[in-house]
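S.K.: Got a predicted structure here, sequence first:
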Amino acid sequence: MKHLLKLLDLTGDEILDILNLADQLKYEVKHNIPHPRLAGKSLGMIFEKSSTRTRVSFEVGMYQLGGHPLFLSSRDLQIGRGEPVEDTARVLSRYLDGIEIRTFAQDEVEDLAKYADIPIINGLTDFAHPCQVLADLMTVREFKGRLQGLKMCFIGDGNNMMNSLIVGGIKTGMTVSVAFPVGYEPAGQVLEFANKANEESGKQIFTLCHDPLEAAKGADVIFTDVWASMGQEEEAEKRRKAFAGYQVNDKLLALAKPDAMVQHCLPAHRGEEITAEVLEAHANEIFEEAENRLHAQKAVMVKLMGDK
Ligand code: CP
Ligand code: NVA
């Protein structure tokens, strides 16, 4: 593994290796066992969109690993004034040991990886949110003891989260069911991967539908995310109407397994994709999920930037 651009690029074993290391790093930090595996290394963090969790967990994670994080707002970088990504990549490769980037187009992240000599980590694009989904899988495994054979359900928009969860879930042996309104389907590349998984296994590992209640039946874990993602603010009103029935609430949860978990990458919009009651009843799992961003990303950084 040279970069983390999207989960489609990783094998199931590579994902599980990251989760195992993440568990170990979590144990070490909880028991005050120092682990400066990235001493002397620097991570550049480019943000073209807002962030609370990603920024803070990468910065603190790098610090805990003995390395140095640099926050680089695209507003201040020359890239924000039009310097080509291929030049930025080659320049930053001379100073840094890795780059985390949050941006709009997946192509920008792929181009950065093409021209950089150092590992690139996708901190969210419109297409994918691999760091979040590694933390999500880590959390589900922590609470359920396994991933293999569990049913994951995602209710809502075919966005970066749905795309990455479908891929991450299938690659780690889960069955995945998603429900979204007509016109808000996941990316074609992801559907192609999921349909192929069905064909190759001869089973219905992946199902999609427009009925949230149908999708939630028998689920071990229910995921949701905002109806309007960053960059879609102008569509918010239109989306509120389109997604009106796609809420994770008590009625929907009643159809899942009695001990079903609820996960949300946050930030959440209470009263839209999730009710305040469900969020608070599952706060323990949801905030553990947020914490696990730290451990999962540290594992990614060690795998990509650590001494081989
Ligand atoms: N879940 C997530 O990526 O949060 P931030 O946007 O706060 O980084
Ligand atoms: N789908 C959301 C995820 C935020 C972490 C967005 O892209 O805004």
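M.R.: Alright, I've got the coordinates. Ligands and ions are numbered 1, 2, ... in the order given.
S.K.: OK, contacts around the nearest residue to Ile170 once chain neighbours are set aside?
M.R.: Distances taken as C-beta to C-beta, 6 or more residues apart in numbering put Ala197 closest to Ile170, at 5.0 Å, once the chain neighbours are dropped. Quick note: C-beta positions are derived from backbone N, CA and C, even for glycine. Each residue near Ala197 by C-beta atoms under 8 Å, 6 or more residues apart in numbering is listed here: 170, 205-206.
S.K.: How is the closest residue to Arg53 other than its chain neighbours assigned, secondary-structure-wise?
M.R.: Once flanking residues are discounted, Arg53 sits nearest to Arg293: 5.3 Å by C-beta to C-beta, 6+ apart. In three-state terms, and counting by DSSP: H, G, I helix; E, B strand; the rest coil, Arg293 is helix.
S.K.: Arg293 touches Pro130, doesn't it?
M.R.: No: using C-beta atoms under 8 Å, Arg293 is not in contact with Pro130, being 11.5 Å away.
S.K.: Leu25: neighbour count?
M.R.: Using other C-beta atoms under 10 Å, the number of residues around Leu25 comes to 24.
S.K.: tell me the pLDDT at it?
M.R.: Listed pLDDT for Leu25 reads 98.
S.K.: Please, which helix or strand holds it?
M.R.: Using DSSP states H and E, Leu25 sits within helix 12-30.
S.K.: what's the helix or strand just after that helix packed up against?
M.R.: Using DSSP H and E, the helix or strand that directly follows helix 12-30 along the chain is strand 42-47. Secondary-structure packing of strand 42-47 (3 or more C-beta pairs under 8 Å, 6 or more residues apart in numbering; DSSP states H and E): helix 53-64, strand 68-73, strand 98-102.
S.K.: can the second one be found next to ligand 1?
M.R.: This means strand 68-73. No: contact between strand 68-73 and ligand 1 is absent, the nearest approach being 12.5 Å (criterion: C-beta under 6 Å from any ligand atom).
S.K.: ok, that strand: who's next to it in the sheet?
M.R.: Strands adjacent to strand 68-73 in the sheet, as given by DSSP bridges, are strand 42-47 (parallel).
S.K.: can you tell me the helix or strand for the spatially most central residue of the chain?
M.R.: Geometric centre of the chain, nearest residue: Gln132, 2.5 Å, by C-alpha atoms, centre = their mean. Assigned by DSSP H and E, Gln132 falls within helix 130-144.
S.K.: and what of Val109?
M.R.: Per DSSP H and E, Val109 falls inside helix 106-115.
S.K.: residues touching Thr54, list them.
M.R.: By C-beta under 8 Å, 6+ apart, the contact set of Thr54 is 100, 102, 123-124, 131-132, 293.
S.K.: can you narrow those to ones near ligand 2?
M.R.: Among the contacts of Thr54, the residues lying close to ligand 2 (C-beta under 6 Å from any ligand atom) are Leu124.
S.K.: In JSON lines, list the contacts of Ala197 along with neighbour count, pLDDT and distance to ligand 2.
M.R.: As requested, the contacts of Ala197 are arranged in JSON lines below (neighbours: other C-beta atoms under 10 Å; pLDDT from 0 to 100; distance: C-beta to the nearest ligand atom, whole Å):
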{"residue": "Ile170", "neighbour count": "23", "pLDDT": "98", "distance to ligand 2": "20"}
{"residue": "Ile205", "neighbour count": "19", "pLDDT": "98", "distance to ligand 2": "24"}
{"residue": "Phe206", "neighbour count": "22", "pLDDT": "98", "distance to ligand 2": "20"}
